[in-house]
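K.L.:
I would like the atomic coordinates for the input below:
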Amino acid sequence: MPIYFQSVKQAGPFRSGVLILPFIVCEALAGITAGIFIHQTGGYLEPIYAGLILITIGNGLFILFGTSTSLGEIIVFELIAGLGAGGLFSPPLIALQSFVPKDDVATATGMLGFIRNLATSMSIVIAGVLFKNGMDLRHDTLEMAGLSLTLLEAFSGPNAEANVMLIGQISNKTQEIAVKDAFSWSLRHLWIMYTGIAGIALFTSFFIGKAVLSTEHVETKTGLKKISKEPEA
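P.N.:
Here you go, the predicted structure:
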C-alpha cells in the first residue's frame with residue numbers, strides 16, 4: 001500500500017504512513033475485540049471465520065485500486081481488510097494451543113511464530129517478483145506513451161519501487177497517467193495473489209476442530225526432562 005500511495009497518489013513517505021493508519025488502527029482494535037470475545041465466550045472459531053472472510057473481501061477490494069480510486073474508497077477498503085487481519089492475531093494461536101498437550105504448548109507457539117515469519121519473508125520475495133514482472137510487462141506501453149530512455153529504465157523491473165518520486169517530475173500529463181497506470185496494474189497482481197491465499201485459508205479454516213477452553217489453571221513444569229538410566233547388571 002505505501003508503494004501505491006507514493007506512486008499512484010503521489011504521497012510522500014509521511015503522508016503514505018498516515019494513509020495506512022486506518023488499516024493499522026482497525027487491525028489493532030479488531031485484535032483486542034477478538035481477545036475479549038474469546039475471553040468471555042471461549043470461542044475462537046468465530047473470530048477466525050470472521051477475520052478470514054473480511055480479509056478475503058478486503059484484499060479483493062484492493063484489486064480495484066487504480067489511478068481514479070478516491071480516498072474515501074481507499075479508507076473503506078482498508079477498514080474491511082484491517083478488521084480481518086486483526087481478527088487473525090491470537091485466535092489461530094489459541095486454537096493450536098487448545099489441541100496440543102500442555103508440555104508442548106511452548107513448542108507449538110514457537111513453531112507457529114516460525115511459520116508466520118517464514119511466510120512473511122516468502123510473501124515479500126514473491127510479491128517483489130510479481131511487481132517487477134508487472135512493470136517489465138508494461139515497458140512497451142510506457143515506451144508508446146513517449147517516455148525517455150532514462151525514465152523507462154527508472155520504471156523498469158526492480159528500479160521502479162525506488163523511483164516512485166520521479167513520477168511527480170513528469171511534465172507530460174499523458175505520460176504521468178501511463179506510469180501511474182503501470183504501477184497500479186502491477187500492484188494488482190499482488191492483491192490477486194493475496195486474495196487467493198486468503199480464500200484458501202478461509203476454506204481450510206472449516207477443518208479446524210472445536211475444543212472447549214478450560215477455565216482451570218494447570219501448572220506445567222518446564223525444562224529438560226530427566227532420563228532415568230537402568231542400573232547396570
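K.L.:
Which pLDDT value goes with residue 233?
P.N.:
On pLDDT, residue 233 comes in at 52.
K.L.:
An error on my part: the question was meant for residue 100.
P.N.:
pLDDT, the model's per-residue confidence, is 85 for residue 100.
K.L.:
swap in residue 214?
P.N.:
On the pLDDT scale, residue 214 gets 62.
K.L.:
Low-confidence regions, the chain specifically.
P.N.:
214-233 (pLDDT under 70).
K.L.:
let's see 50
P.N.:
Applying pLDDT under 50 to the chain picks out no residues at all.
K.L.:
hey, where'd the helices end up in it?
P.N.:
Under the criterion DSSP state H, the chain contains helices at 2-7, 13-19, 21-41, 45-62, 71-86, 91-97, 105-137, 139-144, 149-154, 173-205.
K.L.:
how about CSV for these, with distance to residue 165 and mean neighbour count added?
P.N.:
Every C-beta, even on glycine, is put in place using the N, C-alpha and C of the backbone. Listed next are those as CSV, based on distance: least, C-beta to C-beta, whole Å; neighbours: other C-beta atoms under 10 Å:
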stretch, distance to residue 165, mean neighbour count
helix 2-7, 7, 21
helix 13-19, 9, 13
helix 21-41, 21, 16
helix 45-62, 23, 21
helix 71-86, 20, 20
helix 91-97, 38, 19
helix 105-137, 16, 13
helix 139-144, 17, 14
helix 149-154, 10, 14
helix 173-205, 12, 18
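K.L.:
Cheers, nothing more for now.
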